[in-house]
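Student: build me a model:
(2 chains)
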Amino acid sequence: MAWNTVKQALSTEPGAQITLKGWVRTRRDSKAGGGLSFIQLHDGTCFDAIQVVAKNDLPNYESEIQRLTTGASLVATGTLVESKGKGQSVEMQASEVTVVGWVEDPDTYPVPQKRHTMEYLREQAHLRVRTNTFGAVARVRHTLAAGIHRFFDERGFNWIHTPIISTSDAEGAGQMFRVSTLDLENLPRTPEGRVDYDQDFFGREAFLTVSGQLNVETYCEALSRVYTFGPTFRAENSNTSRHLAEFWMIEPEIAFADLADNARLAEDMLKYLFADLLERRADDMAFFDQHIEPGVVDRLKGIIESPFKTVTYTEAIDILEKSGKKWEFRVQWGSDMQSEHERYLTEEHFKQPIHVINYPKAIKAFYMRLNDAGTDNAPGETVAAMDTLVPGIGEMIGGSQREERLDVLDQRIREMGLDPQEYWWYRDLRRYGTVPHAGFGLGFERLIQFCTGMKNIRDVIPFPRAPRQAEF
RNA sequence: UCCCCGGUAGCUCAAUUGGUAGAGCGAGCGGCUGUUAACCGCUAGGUCGCAGGUUCGAGUCCUGCUCGGGGAGCCA
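Tutor: Numbering: from 1, shown residues only, chains lettered A, B, ... in the order given. As a prediction, the model looks like this:
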């Protein structure tokens, strides 16, 4: 059966006969003209709700309409008219209102029309999307996801579905969740007394992936421009507003490319996404700007308009040392930058997103390309790594040019105490037609946080997974 | 995992030096109003996170546990 969305209705000329289906946000009654009710109806198709006016001549006015409460679902048919009241240009004059689903006890309905804390709503994850804030987050999340696919598609990238289950136990990005069908109460043992993974589902140890990068590199060296966009998993016991155990990551990989190409791609992508978001979801973004973080819209506009700044790690350390700031953690060439350092650089010193490139090799992963000696006049060896830092979030993107030289790669693997044999298929890429290539990883939820101003990452994913949190 | 802070009506919070609980919002009913963060009146609603302990007496003090928040580390 055909019906109209609230979004369509709000942009339709008065006079049209329409049918709307949705949920009641509020109901207000008036005694005027013998009695009428104003129902704010939303269906999630846009930020705004529409006002449905139901008069007392409807057969179920007293029996049903006057008993409607926040959260009830209904179908309303009527005429779109110019509103006689202030606050909206059009409204529906209902000729028929059918209640589809009641709220069984309005007194204990978890999300009545009142102010709620984010923490409380997090405990009502199945209902919180009915609120203005979480409806807006859901639409923005979708728009960014669709924008990502469109951005890459327009540039000839192929979306590669890298596996969720991984058998390499050292992708180098943190603790992994084990995937097993073994009976934990009765584990099979080897003669030496260790767990016998030969008898497990895959005949070996398996985990949920922490990154699709190694896999996607293989497709890069055949399709040239590829990316992954899917869930990744970290079993780190991290309890912060910026970490999830299950989060989505975007990882493009480009062949015949260096670190500068990589940085350009990251910048182009972010600018494209921000512009796309402001255009397609102006209504939701206006809400975030007004109620969640004043200034988000201008912040995104500012980024779209100005080129990103690139600084080397060595320069960044110099800036931090000369800042005159008292650091909780020592600033020293060779040490990884702490949150306070990253935030100072992007929020106070440069006041814009920046790429920090060429990090000391000791603090970065084995697959990052070793720079020539003397690069940046650095006091030690560096790799072609890149972190994109943004105000308010800190690190949003981490990437690198990959090491394409087999001998250098093998040496780096050994230096990290890893076994080259474990990476046999990854090494094959360097044995058969190797090419310079580069890529980066973008945490999708951090991107959403940045665009919306939402403070806690658990509020930008429908059902957050975090230590001791997997209720829904 | 570490450091701080908190857990009292459906929600957000009060409760003096320990003396058996209050408000606002929400909800229900009534009044008023083309209403829209409505307004006015009335009503209902609480094993004060859980388990011990101190005390004549514990929401209030002590211990353990648990849940939530902020920050840090790890990172995206």
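Student: how many other residues sit next to residue A:186?
Tutor: Using other Cβ atoms under 10 Å, residue A:186 has 7 neighbouring residues. For the C-beta atoms, the positions are set from N, CA and C on the backbone; glycine is no exception.
Student: list the contacts for it?
Tutor: Under the criterion of Cβ atoms under 8 Å, 6 or more residues apart in numbering, the contact list for residue A:186 is empty.
Student: wait, a helix at it?
Tutor: No: using DSSP: H, G, I helix; E, B strand; the rest coil, the secondary structure at residue A:186 is coil, not a helix.
Student: now it: how far from residue A:195?
Tutor: 11 Å (Cβ to Cβ, to the nearest Å).
Student: check residue A:409 too.
Tutor: 31 Å.
Student: who's more crowded, the two?
Tutor: Set side by side, residue A:409 and residue A:195 show more neighbours around residue A:409, with 23 against 14, by other Cβ under 10 Å.
Student: let me see the contact set for that one.
Tutor: A:366, A:367, A:403, A:427, A:430.
Student: neighbours around the third one, how many?
Tutor: Translated: residue A:403. 25.
Student: can you pull the pLDDT of it?
Tutor: Confidence at residue A:403, expressed as pLDDT, is 96.
Student: likewise the first one?
Tutor: Residue A:366 carries a pLDDT value of 91.
Student: what helix or strand is residue A:410 on?
Tutor: Per DSSP states H and E, residue A:410 falls inside helix A:406-415.
Student: any idea what the residue in the stretch 351-472 of chain A positioned nearest to RNA strand B is bridged to?
Tutor: Closest contact between the stretch 351-472 of chain A and RNA strand B, by Cβ to the nearest atom of the strand, is at residue A:443 (3.2 Å). On the basis of DSSP bridges, residue A:443 is bridged to residue A:249.
Student: correct me, but it touches residue A:249?
Tutor: Yes: in this structure residue A:443 lies within contact range of residue A:249 using Cβ atoms under 8 Å: 6.0 Å.
Student: who touches both of those two?
Tutor: Between them, residue A:443 and residue A:249 share no contacting residue, judged by Cβ under 8 Å, 6+ apart.
Student: same drill for the two, tell me which one is more crowded.
Tutor: Shown here are residue A:443 and residue A:249; by other Cβ under 10 Å, residue A:443 has more neighbours (23 against 20).
Student: report all helices and strands that the lengthiest strand in chain A contacts.
Tutor: When chain A is parsed with DSSP state E, its longest strand is strand A:17-30. Judged by 3 or more Cβ pairs under 8 Å, 6 or more residues apart in numbering; DSSP states H and E, the packing partners of strand A:17-30 are helix A:6-10, strand A:36-42, strand A:73-82, strand A:90-101.
Student: any buried residues in it, and which?
Tutor: Across strand A:17-30, burial judged by 16 or more other Cβ atoms under 10 Å covers A:18, A:19, A:20, A:21, A:22, A:23, A:24, A:25, A:27.
Student: in contact with the closest residue to the third one other than its chain neighbours, which residues?
Tutor: Distances taken as Cβ to Cβ, 6 or more residues apart in numbering place residue A:76 nearest to residue A:20, at 5.0 Å, with adjacent residues excluded. Neighbouring residues of residue A:76 by Cβ under 8 Å, 6+ apart: A:19, A:20, A:21, A:39, A:41, A:52, A:54, A:92, A:94, A:96, A:97, A:98.
Student: TSV for these, including pLDDT and distance to residue A:112?
Tutor: Below are these laid out as TSV (pLDDT from 0 to 100; distance: Cβ to Cβ, whole Å):
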residue	pLDDT	distance to residue A:112
A:19	95	27
A:20	95	22
A:21	95	21
A:39	94	15
A:41	94	16
A:52	94	19
A:54	93	21
A:92	94	23
A:94	94	23
A:96	94	27
A:97	94	21
A:98	94	23
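Student: let's see the PyMOL selection covering just the buried ones among the residues you listed.
Tutor: Per 16+ other Cβ under 10 Å, the buried members of these correspond to this PyMOL selection:
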select buried, chain A and resi 19+20+21+39+41+52+54+92+94+97
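Student: any chance of the contacts of residue A:76 in a markdown table, with distance to residue A:344 too?
Tutor: Output for these, formatted as a markdown table (distance: Cβ to Cβ, whole Å):
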| residue | distance to residue A:344 |
| --- | --- |
| A:19 | 56 |
| A:20 | 51 |
| A:21 | 51 |
| A:39 | 51 |
| A:41 | 48 |
| A:52 | 52 |
| A:54 | 57 |
| A:92 | 53 |
| A:94 | 57 |
| A:96 | 61 |
| A:97 | 58 |
| A:98 | 59 |
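Student: of the contacts of residue A:76, which is the nearest to residue A:353?
Tutor: residue A:41 (40.2 Å; Cβ to Cβ).
Student: hmm, residue A:440 and residue A:262 touching each other?
Tutor: Yes: taking Cβ under 8 Å as the definition, residue A:262 is a contact partner of residue A:440 at 5.9 Å.
Student: distance between the ends of stretch A:451-469?
Tutor: Terminal residues of stretch A:451-469 lie 25 Å apart, using Cα to Cα, to the nearest Å.
Student: any residue of that stretch up close to RNA strand B?
Tutor: Yes: if you take Cβ under 7 Å from any atom of the strand as the test, stretch A:451-469 does meet RNA strand B, through A:455, A:456, A:457, A:458, A:467, A:468, A:469.
Student: the first one belongs to a helix, doesn't it?
Tutor: No: going by three-state DSSP, the assignment for residue A:455 is coil, not a helix.
Student: neighbours of it, just the number please.
Tutor: Neighbours of residue A:455 under the rule other Cβ under 10 Å: 15.
Student: distance of the residue lying closest to it once chain neighbours are set aside from RNA strand B?
Tutor: The shortest distance from residue A:455 to any non-neighbouring residue, by Cβ to Cβ, 6+ apart, is to residue A:241 (6.0 Å). Counting by Cβ to the nearest atom of the strand, to the nearest Å, the gap from residue A:241 to RNA strand B is 4 Å.
Student: mind telling me what element residue A:241 is part of?
Tutor: Assignment of secondary structure by DSSP H and E places residue A:241 within no helix or strand.
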